[in-house]
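[1] Sequence unavailable; structure follows:
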């Protein structure tokens, strides 16, 4: 272990229901999730002195803090790059807690992503701004390459070509997610598993992606409370100790469209995150008892397994086909059902599931979980965590 | 060999017997609708007077005896598993050929059909054309041979049959509405040169004046040597498909779907996102050689697109 | 019964023109009589969606009308041995298609006559093709 590893822990988790139409404002969702997480940690809103969210979130810290009665804040920070931010918010919180600039930091994300602004509809007609981010779309949207599914499909096709992976190999990821979601009452797809045949029969979204390769669109909010590991030991739940927390942006990085690298079958920024996580925690792939891997689209789960060292490049399809991601397998995966099965909360609901796995309270709890690896958005500058039991 | 070429010689419809034997009521409907008053179709005596054994069916009616009709076949029409026809239609539909018209029918009749005959048909693909542009839209001609047999397995007629499967052009009503504009690129001081060159139908690649490295998408300085000086090299316009997607949903009104978007690797070594034209989705392959073409999408917006290099088999 | 014998027919003989009013009812009735329920032959809305300005005649009917045209001229004793057609512009409702024909060949060995047929509507040639019929010899008549 090195640096801040082991210094902080996630002590509380809280979420709204996950729906397709919440019927209330995004700010209210944020407040509900934050209050639920603070209560889960056995703390009061006034104990909170730090907040971290996504730059993509519409709920500025001051509005959430004011509405929930947090009072004074000494630390507030935001992470860019969409779903790549998820674990990065926890890293910010852990750094703040470890360095002493804050004592109780809430990480949150809330949106009406289904009933409000839907990311899946793409950037074709988003308002123009002439900065570098806006100009980056100039190479994509005039040609009709406008949605995350389409951006990911470009990587997926090349991956299939180089490694002989098939649509069925992607489909197996969706089947596992939906199987786990089927047992999770909080999941949108509770009691609705799918078969590989369902996957293959689902309509094309952007070939080679079928509908069932794509995550849901969700309304909801999720919050996490980070405190020092020492303080966490005095709170109601067993601490989910932050053994590793890392961000990564790779060489020649673009937003979802890093098509210009020598090879595009890997996710170098995820490899960068993984190497940091293992170095910080002193652990390796063999020590991971479960994985929560970002699954906005199934194809990018495969190179994540490869970048994080669970199998060699090109071999994830075999690793998955062998049943490794099942509850009884080598690496139980997305036990909440993932973003395909539970909800698309920009990766934050996956961190909450990792906390439950460490606490031993997942609805799909495997035996003897000590360490869980979590990843954030793929195709973008990203982040990851290793959470572990107190030791 | 493309998926279409693989269909040549395949039996896409195993022998299927028509639902009804040759019968007078159906002949009557046919003759009435066609305005055909030839007595041999309905009048036993008149038929015998011509030396026939009795009523015969109009020669041209033979196909009608084997038509599926309004109701789908009660057992799904198959004997388990998709027929070759379904497979072919699915392939055509996947490539956007959603409409079909018959263009040719060449019958040779071996004997006249008499009341009580039971007609079966089987169908074998003769050829499937490459994509052609037609007045109806871009499409493929599917030529088959349909062999009609009677209850004894004797051939009663052979029909060469050609269908055009095509992507319909916009309907007259939507032709009147102006087509939506493509998403406008955000032009700023770092990328304006590229879009200006595109308006003049020149595909350029930013080139570092310090070390000569080409880069795309462009940026203000060179990641290799740090120079802010650059010029633009003109690309040859030749490249190959590095990866591609076929977009179905969501649909933007400026585009026709399915839409093929590719990452093309130019022979100069840089890659760019572009559209593929003049090729069906099912024919695109990674590594396929492509050449530059220009799309004047909207006033003030010209975009480089790519099409298969002529004369190169995929 | 009126009809032609093989001997009566000469290459170059023209068949009398046959105008056929293309009513909507004709197009629908013939499609149904040929058991062709494709929407483009009876549903104007769906036909438009598929890129057609209106419903149009199906090819089975064009075969039937060409058959009728030649056998009306040839008589009930004629036996049709081939019908080979190519379609051009569609037959839309409200138009008229006029069929014309010319004898192009005679084959003595089986008393077979070939007739080139053509059906023109307001848009151009709807159908071009050939029909072959075997005609009775003089004595059979």
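    That came in fine, so what should we check first? Just so it is clear, the structure is predicted and the values come from calculations on it, not from any experiment. Numbering: from 1, shown residues only, chains lettered A, B, ... in the order given.

[2] looking at chain C, which helix or strand is least sure?
    helix C:44-49 (a mean of 85; mean pLDDT, DSSP states H and E).

[3] just how off-centre is it within its chain?
    Offset of helix C:44-49 from its chain centre (C-alpha atoms, centre = their mean, to the nearest Å): 26 Å.

[4] and if you look at stretch B:283-291?
    How far stretch B:283-291 lies from its chain's middle: 18 Å, per C-alpha atoms, centre = their mean.

[5] and it, is it in reach of chain A?
    Yes. Counting by C-beta under 8 Å from any C-beta of the partner chain, chain A is contacted by stretch B:283-291 at residue B:286. In this view, the C-beta of every residue, glycine as well, is placed from N, C-alpha and C.

[6] tell me which residues in the least confident helix or strand of chain C are buried?
    Buried residues in helix C:44-49, defined by neighbour count with 16 or more other C-beta atoms under 10 Å in any protein chain shown: C:47, C:48, C:49.

[7] And those residues, which is closest to chain A?
    Set against chain A, the nearest of these by C-beta to the nearest C-beta is residue C:49 (18.9 Å).

[8] Residue C:113: which of the buried residues of helix C:44-49 is nearest?
    Nearest to residue C:113 among these is residue C:47, at 37.3 Å by C-beta to C-beta.

[9] those helices in chain A, which residues are they?
    Residue ranges of the helices in chain A, as given by DSSP state H, are A:26-40, A:61-68, A:86-99, A:132-136, A:148-163, A:167-182, A:196-201, A:229-232, A:268-281, A:301-307, A:316-321, A:338-341, A:348-359.

[10] out of these, deepest packed?
    Sort the helices of chain A by mean neighbour count, taking mean count of other C-beta atoms under 10 Å in any protein chain shown, and helix A:338-341 sits at the top with a mean of 30.

[11] What is that helix packed up against?
    Applying 3 or more C-beta pairs under 8 Å, 6 or more residues apart in numbering or on different chains; DSSP states H and E, one finds that helix A:338-341 contacts helix A:167-182, helix A:348-359.

[12] Can you name the residues in contact with that helix?
    Outside helix A:338-341, the residues that touch it by C-beta atoms under 8 Å, 6 or more residues apart in numbering or on different chains are A:173-174, A:177-178, A:180-182, A:184, A:187-189, A:212, A:214-216, A:292-296, A:298, A:334, A:345, A:347, A:349-350.

[13] Can you point out the buried residues in stretch A:236-243?
    In stretch A:236-243, the ones that count as buried by 16+ other C-beta under 10 Å are A:237, A:238, A:239, A:240, A:241, A:242, A:243.

[14] Show the end-to-end separation of it, please.
    By C-alpha to C-alpha, to the nearest Å, the extent of stretch A:236-243 from end to end equals 20 Å.

[15] which residues are contacting it?
    So stretch A:236-243 is contacted by A:1, A:4-12, A:40-42, A:90, A:94, A:226, A:229, A:232-233, A:280-281, A:283, A:354-355, A:358-360, A:371, A:385-391 (C-beta under 8 Å, 6+ apart).

[16] Closest one of the buried residues of helix C:44-49 to chain B?
    The nearest member of these to chain B, counting by C-beta to the nearest C-beta, is residue C:48 at 4.9 Å.

[17] just checking, the closest one touches residue C:56?
    No. The pair residue C:48 / residue C:56 is not scored as a contact, 11.3 Å apart, by C-beta atoms under 8 Å.

[18] Now do the strands in chain C.
    Secondary structure of chain C (DSSP state E): strands at C:14-21, C:79-87, C:96-107, C:112-121, C:124-134.

[19] still on that earlier bit, out of the helices and strands packed on helix A:338-341, which is closest to residue B:283?
    Closest among the helices and strands packed on helix A:338-341, using C-beta to C-beta: helix A:167-182, at 18.6 Å.

[20] Report the angle between that closest one and helix A:348-359.
    Helix A:167-182 runs at 60 degrees relative to helix A:348-359, counting by axes from the mean of the first three to the mean of the last three C-alpha atoms, to 10 degrees.

[21] by contact count, what packs against helix A:167-182?
    Using 3+ C-beta pairs under 8 Å, 6+ apart as the contact test, the elements touching helix A:167-182 are helix A:196-201, strand A:209-210, helix A:301-307, helix A:316-321, helix A:338-341.

[22] now the ones you listed as JSON lines including distance to residue B:123 and mean pLDDT?
    Formatted as JSON lines, those follow (distance: least, C-beta to C-beta, whole Å; pLDDT from 0 to 100):
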{"stretch": "helix A:196-201", "distance to residue B:123": "26", "mean pLDDT": "95"}
{"stretch": "strand A:209-210", "distance to residue B:123": "31", "mean pLDDT": "98"}
{"stretch": "helix A:301-307", "distance to residue B:123": "41", "mean pLDDT": "98"}
{"stretch": "helix A:316-321", "distance to residue B:123": "38", "mean pLDDT": "98"}
{"stretch": "helix A:338-341", "distance to residue B:123": "42", "mean pLDDT": "98"}
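
[23] Out of the ones you listed, which is closest to residue B:229?
    helix A:301-307 (36.6 Å).

[24] Is there any residue in the closest one that contacts chain B?
    No. Against chain B, helix A:301-307 shows no contacts by C-beta under 8 Å from any C-beta, the least distance being 14.0 Å.

[25] ditto for stretch A:259-274
    Yes. Judged by C-beta under 8 Å from any C-beta, stretch A:259-274 and chain B are in contact via A:259, A:260, A:264.

[26] and after the helix or strand bottoming out on mean pLDDT in chain B, which helix or strand comes next?
    Here the helix or strand of chain B ranked lowest by mean pLDDT, DSSP H and E is helix B:172-176, holding a mean of 42. Remark: after helix B:172-176, the chain's next helix or strand is helix B:192-199, criterion DSSP states H and E.

[27] neighbours around the residue of chain A found nearest chain B, how many?
    Nearest to chain B, among the residues of chain A, is residue A:138, at 3.3 Å (C-beta to the nearest C-beta). A count of neighbours around residue A:138, defined by other C-beta atoms under 10 Å in any protein chain shown, yields 22.

[28] next one: residue C:26
    Residue C:26, neighbours per other C-beta under 10 Å, totals 19.

[29] Quick check: pLDDT value at it.
    Listed pLDDT for residue C:26 reads 96.

[30] Please look at it and residue C:33 and confirm they touch.
    No. When contacts are counted by C-beta under 8 Å, residue C:26 is not listed as touching residue C:33 (10.3 Å).

[31] any shared contact partners between those two?
    Both residue C:26 and residue C:33 are contacted by residue B:33, under the criterion C-beta under 8 Å, 6+ apart.

[32] Check whether the longest helix seen in chain C comes near chain B.
    Longest helix in chain C by number of residues, with DSSP H as the criterion: helix C:59-74. Yes. Contact of helix C:59-74 with chain B (C-beta under 8 Å from any C-beta) involves C:59, C:60, C:61, C:63, C:64, C:65, C:66, C:67, C:68, C:71, C:72.

[33] Average pLDDT for that helix, rounded please.
    Regarding helix C:59-74, the rounded mean pLDDT is 97.

[34] For the stretch 1-150 of chain A, just list every one of the strands.
    For the stretch 1-150 of chain A, the strands defined by DSSP state E, counting those that start in this stretch cover A:8-15, A:50-54, A:75-79, A:105-112.

[35] Show me which residues of the first one are buried.
    The neighbour-count criterion (16+ other C-beta under 10 Å) identifies A:8, A:9, A:10, A:11, A:12, A:13, A:14, A:15 as the buried residues of strand A:8-15.

[36] Chain C: which of the residues you listed is nearest?
    residue A:15 (44.7 Å).

[37] low pLDDT regions in chain C?
    For chain C, applying pLDDT under 70 flags the ranges C:1-2, C:139-141.

[38] Any idea how many residues pack against whatever residue of it ends up closest to chain B?
    With C-beta to the nearest C-beta, the shortest gap between chain C and chain B falls at residue C:51, namely 2.9 Å. By other C-beta under 10 Å, the residues close to residue C:51 number 20.

[39] List the buried residues of whichever strand or helix holds residue B:48.
    Secondary structure assignment for residue B:48, by DSSP H and E: helix B:44-49. For helix B:44-49, the buried set under the neighbour-count rule, 16+ other C-beta under 10 Å, comprises B:46, B:47.
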